[in-house]
Structure formats: C-alpha cells, structure tokens
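Student: model the structure of this input:
(chains A, B, C and D, ligands or ions: 4)
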Amino acid sequence: MSTGLEQLYQQIILDHAKARHGSPLQEYLGAGRAGESHQLNPVCGDEITLRAGVAEGNVTSVTWDGAGCAISMASASVLTDLVQGLPRDEVLSLIDAFREVLRSRGRIEADEEVLGDAAAFSGVSRFPARVKCAMLAWVALEESLLAANA
Amino acid sequence: MSTGLEQLYQQIILDHAKARHGSPLQEYLGAGRAGESHQLNPVCGDEITLRAGVAEGNVTSVTWDGAGCAISMASASVLTDLVQGLPRDEVLSLIDAFREVLRSRGRIEADEEVLGDAAAFSGVSRFPARVKCAMLAWVALEESLLAANA
Amino acid sequence: MPVVETPVTLTPSDAGLTDAEVHRIRNDFPILGTEINGKPLIYLDSGATSQNPVSVMEAEQEFYEQRNAAVHRGAHTLAVEATDAYEDARTAVARFIGARTSELVWTSNATEGINLVAYAMSNAAAGRGGEAARRFAVGPGENIVVTEMEHHANLIPWQELAARTGAELRFLPVDDDGALRLEDAAGVITPATRLVAFSHASNVLGTINPVDELVRLARSVGALTLLDACQSVPHIPVDVKALDVDFLVFSGHKMLGPTGIGALYGRAELLNAMPPFLTGGSMITTVTMERAEYLPSPNRFEAGTQRISQAVALGAAANYLSETGMGRIEAWETALGARLVEGLEAIDGIRVLGPRAGMPRIGLAAFDVDGVHAHDVGQFLDDRGIAVRVGHHCAQPLHRRLGLTATTRASTYLYTTTDEVDAFLDAAAQVRPFFGAK
Amino acid sequence: MPVVETPVTLTPSDAGLTDAEVHRIRNDFPILGTEINGKPLIYLDSGATSQNPVSVMEAEQEFYEQRNAAVHRGAHTLAVEATDAYEDARTAVARFIGARTSELVWTSNATEGINLVAYAMSNAAAGRGGEAARRFAVGPGENIVVTEMEHHANLIPWQELAARTGAELRFLPVDDDGALRLEDAAGVITPATRLVAFSHASNVLGTINPVDELVRLARSVGALTLLDACQSVPHIPVDVKALDVDFLVFSGHKMLGPTGIGALYGRAELLNAMPPFLTGGSMITTVTMERAEYLPSPNRFEAGTQRISQAVALGAAANYLSETGMGRIEAWETALGARLVEGLEAIDGIRVLGPRAGMPRIGLAAFDVDGVHAHDVGQFLDDRGIAVRVGHHCAQPLHRRLGLTATTRASTYLYTTTDEVDAFLDAAAQVRPFFGAK
Ligand SMILES: Cc1ncc(COP(=O)(O)O)c(C=O)c1O
Ligand SMILES: Cc1ncc(COP(=O)(O)O)c(C=O)c1O
Ligand code: FES
Ligand code: FES
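Tutor: Ligands and ions are numbered 1, 2, ... in the order given. Next up, the predicted model:
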C-alpha cells in the first residue's frame, strides 16, 4: 500500500467513519440557542445536516445526520468530539485553521496541539477532489454557529 | 504575374466582364415561351436574374441583370453569346459539360470545340471558392429553360 | 486534407481484436504509457472521455501549422484549404454513421445537440420557421417522452422545453434491475406524444435499448425520435438509416477525438424545415436590420466561427476507428464487458447494476460496494493507477430508482487489455477489506 | 498546469513593439513561415481568425498526452489534474480581462455567448428562474437596442429574441461615414429598453465605440449592457470593470487561441440570477425526473463535457499576450492601422470605410476598389501570397447603409510587419490597372 493512500485514510479516519460520533441529528433541548445548517457537496451529491447548540458563548452540543464517503463522515465525527464544550469563538478559529490546512495542497501541516484528532485530515489537502468531503461538516458547523447567533 | 492568376483572369474574361453581353434583363417578346430564374451566391451575396426565351426547341434569347465579380459577369456574358440560337437540349448538355469541367478541380480540360469562349473558364476549376461565381449564370439558365418548358 | 495514419495493420477479420493488436494499438496513445502515483496508468474511464491517438493530435497540429483560417468566409488560399479540410471531415464523420454530409451538424458535444433540437422545438412553438416548422411545435396537451435511465443531458433539456412551452414530460420507467419496462410503453407514448428521446446504450447499466421497438411505437403515434448515441457510436457499428431514427447525437471526446466537438444527425428533410437555434454569422443568406434569411442544413445550425480544427481532428478519429474496424472493436469490448461483470459478481459484497453475467452488455460495468462509498472505492483504485469514474454518472434519477446515490464505473475501449481488467478486478476485491466493511 | 513559454524577451516599455521584436515573435508562429502560391504568406486576415503560437499548440498537446480526462466529474488523479488545468485557464483568461474567475463562462465562440444571454432572457420571459430572473425578461412594449454597424452575431440573436417574445428590436443608426449617430441615441434608448448590445471595436470600420457614453445612457434607463469585444480583447487592453458593462463576449480563435472556444463575461450577481441556457450534466445539484436544481455561475452555464483542451490552450494564449504586453500590442497595431489607411487613401479609386487617416482606428482597414469586385481584389492579392478577407464581413446592414455589398479588409496582429503592410499596399495599387478599371 502506498503512503499516499495510508496518509489519506489513517486508521483514526477509518474508525471514525464507522463510529460517527454526534450522529443522528437531535433536537436541541439545552440552554441558549441552536443553529442548523444543511450542506450539499455538488460533486457527489452527498449531504449533511448539522445542529449546534450554543449557551453562554460555548458550544454545548453538535449533532448531525449525513450520508457520504469515509472522509466526510469521519470528519463530522471527529469535529463533534473536538468542539464540544469549547468557546464559540475558539471553534470558529479552529474552523479557519482547518480550512487553511485543507486548502494548502499539502503545504501547511496541521498543528496537532490545536486540531487534535482533526490533524489526521492533513493528508486530504493533497487530494483536491476530496477537500470538500473533509470540509462539509465544518462548513455546516460554521453556518450553524452563525445561525445560532443571528 | 504568375500563371495562376492569368489562367484565371484570361483577357477574354476581363473583356466580357466589362462588355456584359445580354445585360440588362429584357421582357421576352418573341415567339414560344420564356423562363426566368434568380440565383444568389450565398458566399458573397451576389445575384443574377436571367430570362431565356425558347421557341420551337431553340433558345432564342438570353438577357440578364446581375451584380458580381468579374468571373460571374464574364461568365454570364460569354454564356449569352454561346447559346443564342442553339437547340434547347444542346444547351442543357453544354451546361452539364461546363459544370463537369468546373467541378473537376483542374482535372478535366474544357473542349474548346464544344464550349467555345466558355473554355476560358477552365482555369476557375482550380479555385474551388470561385466555381460558384462561374456557375451562377449557367444555373440560372438551366432553371430558366426548365421553367420555360413547365 | 490531413494525412490520416493507418493505425496498425490489422488482420481483416470479423472477429474481435486480438491481444497482440490491442498492444500495438496502445502505442498510438501516448498517455497510456504514463504513470499515476508511480504505477502504470490503467485507464478505465473511457465512458466519460476517451484518449486520443497520435494521428488525431497530428491532424489538428498540421491544421494549425499549415492551413488555419476561417472557413466558408474567405476567398484566399488558406481559407479554401481550411474549408476543404473542415468539410472533408464532415463527410468522414457522416459516413462513419451512415449519414449524408448535409445531415451532420457540428455541435460542442452531445448535450448541445439535444439542446439544439429542444430549442428549435420551442422556437417552432413560438411561430419561428413558419408553417414548415409546425411539426416541431409542442405545447399544452402534448408531451415529450424520455426514459428513466437517461443521462441528465437527455432529460433536463426536455424538462426545460416542457416548462417553456406548457407541454408535459413523461417517462418510460425501468424495473428494479434497471431494464426498460417496455410493457408500460403503450400507456406512456400516446397520440399526444411529439418526440421520444432515449439512449442507445446506457452509460450506467451497459444495456443496449431496443431501438426498433421504440422507433416503431413512436412512429405509430406520429412522434419524432431522438437517439442519444454517446455510448454507442464510439463502441459499436452505428448506421442511422438502419436505426431509422429522426435525430441522433454523439460526442467527439468519447470516440478518440478532441473535446469541444460533437455532432447532431438529423434527417435532411427535418433539418431543412427546423427553425435555427444559435444565430449569427455564416448561417444566413440575406440580413437586414429587421430580419434574416437562413441557409439550409448543415450551415443553418452552425452560427459563428466553427470548431474547425476539432472537426478536422474528429474526422481523423472516425477514420482511425473505421480502419480498425467497428465490428472488431465491438467484439473486443463485449468480451471485456463480460469479463468485468463475471469478475465483479464473484466478489463478495459487490452488486453490479444492469444485466447479469451472460446477458448482453457493452464494455462497461457500474457497481455498488456494500459498506464503502463510491468515492472511497475510486480513491483506493486511483492509488493503484486505476482510473474509474465514481458518482451518479449524470443519472441521478436512475440511481435513485435503484436505491443508490453513487456507484463506481469501469469502462473500456479498443485500447483496454484483459490484463488491465484483471488488475482492476484484483484491486476491487481488496476494497472492502481495506475499509473494514462487513 | 501547462508550462507557458515566455514568448520572447521584450523590453519593458509602454511604447509599441519594435520591428525586431515583431520579427522574433514571428518565429513562434510556424504558419507564418509557409508559402502560398510560391510566395511567402502575408497573413492580413487576423480580424477573421488569428494564428497560433507554438506555446498554445504545446499546451493543448501536453494536455492530451499527460492529463486528458473529464473535468469536475472524476475523482481519479488524471481527472483532478485536468480539472486544475481547466480552472487555472479560466482564472488566466478572467484575469486577462479584469474579471473574477466565477464571472467567466466558456462558450464555443462569441456568437454562442450572445445567444446564451438572448436565450436566457427569453427563458426568463417564459418564467424560468423565478422572481430573481424577472429583470432579464423582455416582452411586448419593451425593446432591445443594437447599432447599425453590428456583426450579424450581435444582431440576429436579438432579432430572434424579439420575435420569440414580442419585444421590439431598435437600432442606433450610423452616418454616411459609418460613425454612430450618438445624437439620436436618446430617442432610441428609452425607459422601455431592457438591453443595449453593441460592439467595442467595429470589424469593418475599425472604430472604437464610445462605451462610456452608451453605458451611461443604458444605465440611465435601467437597461443592461452587452459589449461585443471580439475585435478589442485580442488587440487592446480591456478591463471589464473599467468599462463597467454587464456582459461582454469574445472568441478565442481571434486571440491566438484555438477554434471552438470563446467566453462570456457577466457580472457575478447577474450570472447567478440568470436562468440557464444549455442544460445537461455538470451544471446541476439535484435532478429528479421532474426537475433540476442548478449550480451557480460559471458551471450553471456549462452543460455537458466542456472544451477542456481548448480552454487550456486559450489560457496559454492569454498568457502569451499578457507577457508580450497588451499596451505594446495596441501601440504597434495602431501604427499599422494608420499606415494602412494612409497608404490606401493614396491609391486612386480606393475608398476606405470608417475613420479617415489621422483619426483613431484599430489595426484594420476595409475598402472598396472602384470598378473591381472585392472577390477579384482578394483573388489578385492571394496570388501574391496576401491573405485578406472579402465580402460583407458578416455586416450586411452596415454595407447596405454605406451603399456597398462587399469590401476587402486587411487586418493586422502583433506578428504583422510594416514590410507586410507595404507589400500589401504595393499590390493594392496594382489591382485597378490589372482589371482595367477606370
Ligand atoms: C465584431 C465581431 N463580432 C462577432 C464576431 C463573431 O465571432 P465568432 O464567429 O467567433 O463567434 C466577430 C468575428 O467574426 C466580430 O468581428
Ligand atoms: C449516455 C450519455 N448521454 C449523454 C452524455 C453527455 O455527453 P457530453 O457531456 O459529451 O455532452 C454522456 C456522456 O457524458 C453519456 O454517456
Ligand atoms: S464523496 Fe461525497 S462527501 Fe466525500
Ligand atoms: S464573388 Fe460573388 S459571384 Fe463571384
């Protein structure tokens, strides 16, 4: 197996693709407000619907429904684990940082200190056709957080 | 001056282009019937309207109005001289013979015995873009003769 | 005229190509010698777009280096030579499908050919083209029929035509295996049907549809027929007169030609009565500020400066295919298609769409891998240098009907070897283990 | 991305090209070294179509030999590389005219770009695109305005749009010299005007129209503007934002690119609100048998497999022009245009159309030779290896207005030398004597 493929599909990604933390989508019954977003990847037709709860400036909950490739599903799952409980503003910075890595075509390495397990998606940046897969849930979260604030 | 150009624009052609025998178009007042045809060369937008009188199986008159290049005008003029008084059927054969030479891309030489001055147009067959010019009046005469018979 | 190289000396036989011939043919395709991810390219995506032989590229280059000029417009020598090359190519491609030269209209691709007919029909409905064009008009109370297996190219233009004119769009459904439910046809195709548009060979299922039957049904109600021949013209012998359809479209890039060119065949009588679609220069006789008179077919449908070098190259491609022999290409690809399906069906957790092994199919197979998304399948194969197509293959309704959103498709051509098919099958068997699917 | 060769090392200056530079540039164009009728080709028909430099042909060939695949559809490596090359080319060409990438739609040629807008407008009139598209709808009581000097490409599509929708087509007349009668504009462009379409530079007169003035007039009545930039984008620096037009079209084959490709620029906001024109694959998000949802611009307008290699080649052409310097090309051609007109005006019996010597004009001149038909003029020149264009140049109404049916046109480009212009003038002076005109 070439390093290319194993860099893309790291074990942690294959595992999360099956585990799908945060799925299925749930009503947000917590304090504060919730925002929701639906994202479609036009290349493949895959979709995700994500709902985020925000209370007192912190992301209190992320749940989602989605159908898609291993990368998109794993990315949503890892994202859910990563952001639960973090301050909303910090999460928005994380999303920016993740986007920057993914768009870098392999030039920028993810900082594991910052992105945690999501750093495993660094390899995706070398596969431009798959960048949207990895970004799908992150864009949905970004929109949800904006909606929750609106 | 190259032979190509002088083969195309033989002196007889340049002369006829100015003389324009048979032009302008005239009412046919003779015996028998007349037929008329209007031909447009879509490549350049040039046109000719030609009227032929036929009496007792003979072409008794050819007159025309036209605007076009030296080749088209000379061809109409030479044609007028050539066919006056000939049997209609013979004229139709002449038209076929002329067409065959013109479409031959230089492979068939015109028979001067048959085509007379019109043999001067042999050179046109080597210039595919100009074949329509030389044929314009001939097609008009062909249609006029068919119309006169209808 | 560009010199068309004879590809390889082939034995004059009606049997399929031989392995040795295919290997010689491959030498004409430089890209087949390249590597992907350090492995030799195994190109199994010819159903999407085919590769170009040297003779096609040379025809185009020779055109630009020696006779490039605007056609049908200039009287100078270059323009005459360019026009000759362009029109000779039209004749070559028309002959390739058994059409007359004036019946072949160049388009950008098959998609544009279908849009051309659809827009000409709504132009007729708006009164353009006068009485002669009445037969193309559609409106409320009338309908257009397609099938449920169509490529979006042969579906959306008709949806839009229906929306513009108030006509209805109907469709022949497929069964759970993706086969056309011909038994329903009589209820769908009615005297109110103006046109039946369907694909010759399906780009997903690999089936060849019963053209005779559908043409007969359409004729019996006075409807026109349009055949989407994108997946047939490149791969099997096609004769428009034998098929007896009214319109037929295909794309050059799927038949060894360049991108940016395709063709619409139409019966001369129809093309000359149909209102124009695109308008502009080179398709007119007389123009005033108020109105324009149009040339007959094919120029009537070719507005503006045309895809000249692309036409010349496509002519060379058609010649390459003819000289190789379409019957022999068909036989070769049929064998590859059978090998694909047998191999895939033998792999645990793989479901092939369309006809089972042993049933007729062209040289392609789309399949679902249980528990692994098609894009992950494609990525896995790409890592081994194997190029396949993944997704809905521009046939979302068909996928939805079969309970899927995306599949993986392997498609062959005259340059595909049995070794390549085997390498692909080998890799396909390792997909589920790699992703831990169970 | 294809490697774009730097054409020649040019001195960084705002002045025109130098004679020496032009001679070096010519080495990049193989066809310019060929002979016609045993004489060196003098190509003065770039206004119809330009010639291609080696770097453009190589970009295309390199594409076919190394990365040919269907774009936006495949996940495999070749498809990714093809998509990158294709989209990089879009960015290069968009930048070349000062547009954003998403504002540049590929078309077959300028003609198709104009048809695209005209059909999108009648689709809007038929209710397609919903409320957002209302601003594009035209109908009875409303009008479209063109000028009397338009190329057929910018006239007939609007005639047809008017005929389809019941709108009126109006035009700005020209005076006896062919200049736009701007003083009449206020009576022609009215609050009922929905679109004003006009050419930037005339392909017959060589004038550059007052874009500012016409855009201001159109804006003042709320009309959209479409600029036919076929004769400007290849020859002078063009910045769509500075021109402030809503739409702009041009053709690749007139700017060192291949045939079969052109582009439509539209303001992003407009393109995203406009209903689609051609429909099919690769321009949709979700498709059912009943309806389709469309992607935003530019994909919304690019149905089916695109002109991929042609886009890549056009990107290389735009880079070649940029690296040479559009300002310097403009200066060079302006000088050639002036030389042409001065020389022609000095010949007995020749009447040049458009601006007199000393007035601004681009590098072309159309003229009438008293007593000699344009096709005979062209033939005479061709015999000396000089390629010019003869006829109505797809502008019949303008010719009729000026009392002519056909003229001869000599047009230059960055590779045209002053010696070529002089050889042409020399030959032009011998036309009337040869034909015995007096
Ligand atoms: C001013 C003008 N407009 C439009 C066109 C049409 O361009 P094309 O034939 O490439 O579509 C041309 C060139 O023929 C032109 O010169
Ligand atoms: C069956 C079928 N129809 C239509 C098309 C559309 O062809 P194009 O994209 O070349 O217009 C394709 C290929 O994509 C196809 O396979
Ligand atoms: S392939 Fe659809 S999201 Fe990855
Ligand atoms: S050029 Fe018009 S008839 Fe000869």
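Student: any part of stretch A:4-21 near chain D?
Tutor: No - using C-beta under 8 Å from any C-beta of the partner chain, stretch A:4-21 stays clear of chain D, with a minimum separation of 9.7 Å. Bear in mind the C-beta positions are built from the backbone N, C-alpha and C, glycine included.
Student: go through that stretch and flag the buried ones.
Tutor: By 16 or more other C-beta atoms under 10 Å in any protein chain shown, the buried positions in stretch A:4-21 come out as A:Gly4, A:Leu5, A:Leu8, A:Tyr9, A:Gln10, A:Ile12, A:Ile13, A:Leu14, A:His16, A:Ala17, A:Arg20, A:His21.
Student: with stretch A:93-112 instead?
Tutor: For stretch A:93-112, a neighbour-count test (16+ other C-beta under 10 Å) marks A:Leu94, A:Ile95, A:Ala97, A:Phe98, A:Arg99, A:Val101, A:Leu102, A:Ala110 as buried.
Student: and those residues, which is closest to C:Val93?
Tutor: Here the nearest of the buried residues of stretch A:93-112 to C:Val93, counting by C-beta to C-beta, is A:Leu102; it sits at 44.7 Å.
Student: quick one: contacts for that closest one?
Tutor: Contacts for A:Leu102 (C-beta atoms under 8 Å, 6 or more residues apart in numbering or on different chains) come out as A:Phe121, A:Val124, A:Ser125, A:Val131, A:Ala134, A:Met135.
Student: ok, how many other residues are close to the last one?
Tutor: Which is A:Met135. Neighbours of A:Met135 under the rule other C-beta atoms under 10 Å in any protein chain shown: 23.
Student: outline the domain layout of chain C.
Tutor: Described in terms of automatic domain parsing, the domain architecture of chain C consists of the residue ranges C:19-53+C:325-433, C:65-322.
Student: is chain D within reach of the first one?
Tutor: Yes - contact check for domain C:19-53+C:325-433 against chain D, using C-beta under 8 Å from any C-beta: residues in range are C:30-31, C:34, C:36-37, C:41, C:43, C:45, C:48-49, C:51-52, C:375, C:378-379, C:381-382, C:386-391, C:394, C:396-397, C:400.
Student: give me the buried subset of those.
Tutor: Listed as buried from those are C:30-31, C:36, C:41, C:43, C:45, C:48-49, C:51-52, C:375, C:378-379, C:381-382, C:386-391, C:394, C:396-397, C:400; burial here means 16+ other C-beta under 10 Å.
Student: looking at chain A, which residue is nearest ligand 4?
Tutor: Going by C-beta to the nearest ligand atom, ligand 4 is nearest to A:Pro42 of chain A, at 52.4 Å.
Student: can you pull the contacts of that residue?
Tutor: Contacts for A:Pro42 were tallied using C-beta under 8 Å, 6+ apart; they are D:Thr285, D:Leu295.
Student: before we move on, the earlier item: out of the buried residues of stretch A:4-21, the closest to D:Leu17 would be?
Tutor: Proximity of the buried residues of stretch A:4-21 to D:Leu17 was ranked by C-beta to C-beta; the top entry is A:Gly4 with 47.3 Å.
Student: I'd guessed that closest one sits against C:Asn37; true?
Tutor: Yes - applying C-beta atoms under 8 Å as the test, A:Gly4 and C:Asn37 come out as touching, 5.9 Å apart.
Student: who touches both of the two?
Tutor: The overlap between the contact sets of A:Gly4 and C:Asn37 (C-beta under 8 Å, 6+ apart) consists of C:Asp383.
Student: whichever residue of the stretch 101-250 of chain C sits closest to chain D and D:Tyr64: what is the separation?
Tutor: Among the residues of the stretch 101-250 of chain C, C:Thr111 lies nearest to chain D; the distance is 2.8 Å by C-beta to the nearest C-beta. Distance, C:Thr111 to D:Tyr64, by C-beta to C-beta, to the nearest Å: 21 Å.
Student: among the buried residues of stretch A:93-112, which ones are in helices?
Tutor: Under the assignment DSSP state H, these contribute A:Leu94, A:Ile95, A:Ala97, A:Phe98, A:Arg99, A:Val101, A:Leu102 to helices.
Student: show me the shaky parts of the chain.
Tutor: Defaulting to chain A. A:1-3 (pLDDT under 70).
Student: other chain: chain C
Tutor: Scanning chain C for pLDDT under 70 picks out C:1-14, C:73-74.
Student: how about the residues of it by chain A?
Tutor: C:37-38, C:372-376, C:379-380, C:383, C:390-392, C:396, C:405-406, C:434-436.
Student: return the subset of those residues lying in strands.
Tutor: Under the assignment DSSP state E, the residues of chain C next to chain A contribute C:Val390, C:Gly391 to strands.
Student: scan the contacts of A:Leu102 and report the most crowded one.
Tutor: For the contacts of A:Leu102, the largest neighbour count, defined by other C-beta under 10 Å, is 30 neighbours, found at A:Ala134.
Student: that one touches A:Phe121, doesn't it?
Tutor: Yes - counting by C-beta under 8 Å, A:Ala134 does reach A:Phe121; the two are 4.9 Å apart.
Student: which neighbours do the two have in common?
Tutor: Counting by C-beta under 8 Å, 6+ apart, the contacts common to A:Ala134 and A:Phe121 are A:Ile71, A:Ser75, A:Leu102.
Student: looking at those residues, which is nearest chain B?
Tutor: Proximity of the shared contacts of A:Ala134 and A:Phe121 to chain B was ranked by C-beta to the nearest C-beta; the top entry is A:Leu102 with 57.3 Å.
Student: would you mind measuring from that closest one to C:Ala218?
Tutor: In this view, A:Leu102 and C:Ala218 are 51 Å apart by C-beta to C-beta.
Student: which of the domains of chain C sits closest to ligand 3?
Tutor: Short answer: domain C:19-53+C:325-433, nearest of the domains of chain C by C-beta to the nearest ligand atom, at 3.4 Å.
Student: does that closest one come close to ligand 3?
Tutor: Yes - Domain C:19-53+C:325-433 reaches ligand 3 (C-beta under 6 Å from any ligand atom) through C:His375.
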